[in-house]
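Trainee: sequence and predicted structure are below.
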Amino acid sequence: MPETDAAPARTGPCFITTPIYYVNDRPHIGHAYTSLAADVLARWRRLEGREVFFLTGTDEHGQKVEKAARDAGMNPQAFTDQVSQHFRDLTATMGLSNDDFIRTTEERHKEACTALWDELVRRGEIYLGHYEGWYAVRDEAFYGPDELVERDGVKYAPSGAPVEWVREPSYFFRLSAWADRLLKLYDDEPDFILPASRRNEVMAFVKSGLGDLSISRTSFSWGVKVPGDPAHVMYVWLDALTNYITAAGYPADPEAFAKWWPAEIHFVGKDIVRFHAIYWPAFLMAAGIAPPKRVFAHGWWTNEGQKISKSLGNVIDPVRLVEESGLDPVRYFLLREVPFGQDGDFSRAALIGRTNGELANALGNLANRTLSLIQRNCEATLPAPAARAPGDAALGALVDALPAVVGAHLDRQDFHLALEAVMAAARDANGYITVEAPWALKKTDPARMEAVLRHLHDALRVFATVLQPFLPDTMEALLDQLGVPPEARTLAALSTPLPGGLTLPPPSPLFRKIEAAA
Ligand code: MSP
């Protein structure tokens, strides 16, 4: 089990965030993925009994969104109102349990940006200058000439986005002065950036030298105005990153802010790690605010082996995917299939394999066999808690340890390992039921039959409890079938056995198998 000094304390409030999504387009699998990971961790922390603030939202300013609005023939506010709604709808599609949804066009956010800017000015961290260099609107990022490649007379950023030459007056943030303190942060908090490969990449970038950062633009107006100089709008990344502290209560509600900040974790994709792990902690430290505790950068999905792109027409629509395969199988697949932090391939065959093999067979059948036997052979009544015989010990030990094992994996965002651990235990339980053959014991040893079924019921209760964050709907159904009352579905409640004698409802299948041709 991974042990780390940085494992979060078991008590206290936790603030968990997704990136805020650009409203230039409809949600796709990448958005669903980042949000889903954050949702699972938020739900797990609630199961631990922690107070959780889970935030998502939309990034609505900047040149890219302004351009998308213009292309749609709309004014930017009307356009962002419309597209932001698709992201609100995504929270329902994916079953997200977010506590707030922030939009950067809200008044509370403009206040926070203004307060942060004023604080940086007060501390001498901002100066007025002139920016001249390359800018990629698609990434909303500045690039140095040595980072670019040229094809057919057009220069491109490493992300593949075309860049344009920008020359305008600009405010600068003294980023160059923060390199040493950033490196100290990465050294002092080795888990500040996960996974380690991303940490190395960020450290190398910072060590190669940081220039000051242009943090305002004058050639368009769709943004938060710079206080005292309204010809400038704030650089969209400064604006966007600030969302995290806006929602936590900065500056309007110092009590809330002290409670929620620093965030336990910002979930991001690997493409935006530089903004979160370099610029963001530098802005915060420069304003006298603590940096977040962790930035986790996940990998990217390909679709059946191909890069996902609008021009290839292979964008995966989360709404369609959930309609076709069901929400919980999709949630399970996305976090089970690929180690979080690595790139992975979405394939329909793999989704079917996981759903049918693991959810329907290993877990669903175990529940169905156990609960059907209790219905038929125990008059639908839960047998009393039973002492463990030698044959019950191995499964019992595995089940007892499972919540801590899952928790340790989730503390490091190893979602696939957490799921693998539950599946390994479920496979063991299937082995146990085959060996003990409780159906054959009714006539020969009914007391042993009851004990075996009770041990299986106890195991299923643990599986269902720890899987709730991943499979909220189906595990709710399973806990109903197991007769676990709603208030006894936390991790703490697992130490109190259910009383024998409960009447259990007739079981029904939890997962339907997906047909390959569907
Ligand atoms: N607005 C910024 C974030 C600001 S946070 C202060 C932004 N928005 S975005 O809409 O482009 O975000 C997309 C998110 O989806 C990123 O985390 C990105 O990594 C993720 N993905 C986009 N395509 C993806 C895949 N093909 N696979 C997995 N995730 C991908 O960036």
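Mentor: Ah, there it is. Numbering: from 1, shown residues only.
Trainee: show me which residues of the stretch 251-400 of the chain sit near the ligand.
Mentor: On the criterion C-beta under 6 Å from any ligand atom, the ligand has as its neighbours in the stretch 251-400 of the chain the residues 268-269, 271-272, 300-301, 308. All C-beta spots, glycine's among them, are computed from the backbone N, C-alpha and C.
Trainee: 8 Å instead?
Mentor: Of all the residues in the stretch 251-400 of the chain, those in contact range of the ligand (C-beta under 8 Å from any ligand atom) are 266-272, 275-276, 280, 297-302, 307-308.
Trainee: which parts of this structure sit against the ligand?
Mentor: Taking C-beta under 8 Å from any ligand atom as the criterion, the contact residues of the chain with the ligand come out as 18-22, 24-25, 28-31, 33-34, 59, 140, 236-237, 240-241, 243-244, 266-272, 275-276, 280, 297-302, 307-308.
Trainee: and what about the residue in the stretch 101-250 of the chain that the ligand sits nearest to, helix, strand or coil?
Mentor: Across the stretch 101-250 of the chain, no residue is closer to the ligand than Ala240, which sits at 3.8 Å (C-beta to the nearest ligand atom). Classification of Ala240 using DSSP: H, G, I helix; E, B strand; the rest coil returns helix.
Trainee: isn't it right next to Tyr21, touching?
Mentor: No. The pair Ala240 / Tyr21 is not scored as a contact, 10.0 Å apart, by C-beta atoms under 8 Å.
Trainee: tell me which of the two has more neighbours.
Mentor: For Ala240 versus Tyr21, the count of surrounding residues by other C-beta atoms under 10 Å is larger for Ala240: 27 against 24.
Trainee: for the nearest residue to Pro505 once chain neighbours are set aside, what are its contacts?
Mentor: Closest residue to Pro505 apart from its sequence neighbours, by C-beta to C-beta, 6 or more residues apart in numbering: Gln481 at 6.1 Å. Gln481 sits next to 367, 371, 504-505, 507-508 when contact means C-beta atoms under 8 Å, 6 or more residues apart in numbering.
Trainee: can you tell me which of those is nearest the ligand?
Mentor: Proximity of the contacts of Gln481 to the ligand was ranked by C-beta to the nearest ligand atom; the top entry is Ala367 with 32.0 Å.
Trainee: next secondary structure after the helix or strand of the chain with the lowest mean pLDDT?
Mentor: None of the helices or strands of the chain scores lower by mean pLDDT, DSSP states H and E than strand 306-307, at a mean of 89. Toward the C-terminal end, the helix or strand that comes next after strand 306-307 (DSSP states H and E) is helix 318-325.
Trainee: elements contacting the next helix or strand after that following helix?
Mentor: Of the helices and strands lying after helix 318-325 in sequence (DSSP H and E), the nearest is helix 327-337. Using 3 or more C-beta pairs under 8 Å, 6 or more residues apart in numbering; DSSP states H and E as the contact criterion, the elements in contact with helix 327-337 are helix 29-47, helix 318-325, helix 348-354, helix 415-436, helix 472-481.
Trainee: please identify the buried residues of the shortest one?
Mentor: Taking 16 or more other C-beta atoms under 10 Å as the neighbour-count basis, helix 348-354 is seen to contain the buried residues 350-352, 354.
Trainee: make a markdown table from those and add distance to Asn377 to it.
Mentor: Putting the buried residues of helix 348-354 into a markdown table (distance: C-beta to C-beta, whole Å) gives the following:
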| residue | distance to Asn377 |
| --- | --- |
| Ala350 | 38 |
| Leu351 | 36 |
| Ile352 | 34 |
| Arg354 | 32 |
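Trainee: residue ranges in the protein under the pLDDT threshold?
Mentor: Flagging of the chain using pLDDT under 70 yields the residue ranges 1-10, 517-518.
Trainee: in it, what residue comes closest to the ligand?
Mentor: With distances taken as C-beta to the nearest ligand atom, the chain approaches the ligand most closely at Gly269, which sits 1.5 Å away.
Trainee: roughly how far apart are that residue and Trp300?
Mentor: Summarising the geometry, the distance separating Gly269 from Trp300, computed by C-beta to C-beta, to the nearest Å, is 7 Å.
Trainee: can you list residues touching both of those two?
Mentor: With C-beta under 8 Å, 6+ apart, Gly269 and Trp300 have common neighbours Gly30.
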